[in-house]
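[1] Fold the following for me, if possible:
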Amino acid sequence: MPQSDTAILNFLRQRRSHPPKLLNDPPPARDALLELLELAARVPDHGKLEPWRFVVLTRPVLDRLAPELAEYVAAQGGDETAVDKARAAFGSPVIVAVISAPVESAKIPEWEQFLSAGAVCLGLVNAALAAGYGAAWLTGPAAQPEFAQAHLGVGPGERVVGLIHIGQRGAPPPD
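    Modelled structure (predicted):
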């Protein structure tokens, strides 16, 4: 008979993403963030390829990128509402871009590596929540290949799988 871990089951039963507008400063300290990234990387990874990487976007970078994203959305034909939303998209205390970085493999198909990178996103959100932070997994226009390659250091064959927003918990998140 399997032994259940009631605390983990209760965490999963109650877990809720915290929308970025509900996140407050300060971001996790460097050591705390490194621990969250380490925990996030403990996902299914057939072949142990680690087909992902992290780009940590701190406040100075986010402040620099916000007008760039608004300009990008406007250039793509976004209306005033979309441009304003893009301008506010980097308001979280810290954002971790999870990049799918497939590795050449005769055994492990690229789609499976991509799913592993997606598991990293959920792992990072859950690690942040379990550590007492608020967190959410989003994408949006900043994850579009043109913007990501120009501003997030995404290389050929890579793709942003998630922008994980992390900060102090504010108001309770919606159910």
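
[2] from what I can see residue 136 touches residue 18, true?
    Yes: Residue 136 lies in contact with residue 18 (CB atoms under 8 Å); the separation is 5.7 Å. Quick note: C-beta positions are derived from backbone N, CA and C, even for glycine.

[3] Can you name every helix or strand that the helix of greatest length in the chain contacts?
    Counting by DSSP state H, the longest helix found in the chain is helix 110-130. Contacts defined by 3 or more CB pairs under 8 Å, 6 or more residues apart in numbering; DSSP states H and E place helix 110-130 against helix 30-40, strand 52-57, strand 94-100, strand 134-138, strand 159-169.

[4] Tell me which of these lies nearest to residue 149.
    strand 159-169 (9.7 Å; CB to CB).

[5] gap between that closest one and the chain center?
    3 Å (CA atoms, centre = their mean, to the nearest Å).

[6] what comes up buried for it?
    Buried residues in strand 159-169, counted by 16 or more other CB atoms under 10 Å: 159-168.

[7] Nearest to residue 129, out of those: which one, please.
    Using CB to CB, the buried residues of strand 159-169 come closest to residue 129 at residue 166, 9.5 Å.

[8] how about that closest one, what does it touch?
    Residue 166 is in contact with 23, 27-28, 33, 36, 92-96, 124, 128, 133-135, counting by CB atoms under 8 Å, 6 or more residues apart in numbering.

[9] mind redoing it with 10 Å?
    By CB atoms under 10 Å, 6 or more residues apart in numbering, the contact list for residue 166 reads 18, 20, 23, 27-28, 32-33, 36, 56, 92-96, 124-125, 127-129, 131, 133-136.
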